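**Student:** Build me a model from this:
(chains A and B)
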Protein chains: 2
Amino acid sequence: MADLLPESERDAALAPLLESGWTVADGRDALTRSYQFRNFIDAFGFMTRAAIWAEKWKHHPEWSNVYNRVDVTLTTHDAGGLTELDVKLAKKMNQLADD
Amino acid sequence: MADLLPESERDAALAPLLESGWTVADGRDALTRSYQFRNFIDAFGFMTRAAIWAEKWKHHPEWSNVYNRVDVTLTTHDAGGLTELDVKLAKKMNQLADD
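**Tutor:** Have a look, this model is predicted:
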């Protein structure tokens, strides 16, 4: 099981994500980001690639899709907040969305 | 563009869907249903198949996924409510979820 990000590492781990459009959710230790794509095919294509990484890493997003938009929330339920897994998946999603 | 379901056909069109677990949303002329699967692979597999039908029919769901659960809302934005397209996609999703 992943541990919560230690206080000493948390700011450094989250800084590049916060700069790239992720935010820490209100009232919940979770990262959220909304991605916009050109159309549904691109949005769902992003989700499909992210889904395979999520399953491979046994760490799954909460996410919703409306046409060209994908809203993502990441947290580690077992740990009750943000862990290294969330940082890893958030970075991967940014990379997949940029491809 | 699809037209709103005519009053004379609406009840008959919706009845089998309402029996199968779909409900008409509160405060919105939309159909909603929550599907549960064995795991994430099955849930996202369902979404992937439904996504291809949605794109083929140019009619896309609003949906969210958390691990093995998929929550779907269907409505026809252009028409401002339920049309034959929503009925068709709701039926298809039921079929895909049962496979």
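**Student:** How about the helix ranked longest in chain A, which residues are buried there?
**Tutor:** Ranked by residue count, the top helix of chain A under DSSP state H comes out as helix A:40-56. By neighbour count, with 16 or more other C-beta atoms under 10 Å in any protein chain shown as the criterion, the buried positions of helix A:40-56 are A:40, A:43-44, A:46-47, A:49-51, A:53-54. For glycine as for every other residue, the C-beta is placed from the backbone atoms N, C-alpha and C.
**Student:** and what of stretch A:72-81?
**Tutor:** Neighbour counts over stretch A:72-81 (16+ other C-beta under 10 Å) mark A:72-76, A:79 as buried.
**Student:** And the contacts of it?
**Tutor:** Identification of contacts with stretch A:72-81 by C-beta atoms under 8 Å, 6 or more residues apart in numbering or on different chains yields A:1-5, A:25, A:28-35, A:59, A:61-63, A:82-83, A:85-86, A:89-90, A:93.
**Student:** Now, those that are in strands?
**Tutor:** Among those, the residues falling in strands (DSSP state E) are A:31-35, A:62-63.
**Student:** I'd assumed residue B:71 was in contact with residue A:65.
**Tutor:** No - contact criterion C-beta atoms under 8 Å: residue A:65 and residue B:71 do not qualify, at 11.2 Å.
**Student:** Spit out the residues that contact these two alike.
**Tutor:** Each of B:63-64 lies in contact with both residue A:65 and residue B:71 under the rule C-beta under 8 Å, 6+ apart.
**Student:** In terms of neighbours, single out the busier of those two.
**Tutor:** Taking neighbours as other C-beta atoms under 10 Å in any protein chain shown, residue A:65 and residue B:71 compare with residue A:65 leading, 24 against 15.
**Student:** Need the contact partners of whatever helix or strand the more buried one lives in.
**Tutor:** For residue A:65, the enclosing helix or strand under DSSP states H and E is strand A:62-66. Contact partners of strand A:62-66, identified using C-beta under 8 Å, 6+ apart, comprise A:43-44, A:47, A:70-75, B:60-66.
**Student:** In terms of distance to residue A:14, which of those residues ranks first?
**Tutor:** residue A:74 (11.4 Å; C-beta to C-beta).
**Student:** Tell me both backbone torsions, phi and psi, for residue A:30.
**Tutor:** Backbone geometry at residue A:30, expressed as degrees, to the nearest 10, gives phi -150, psi 150.
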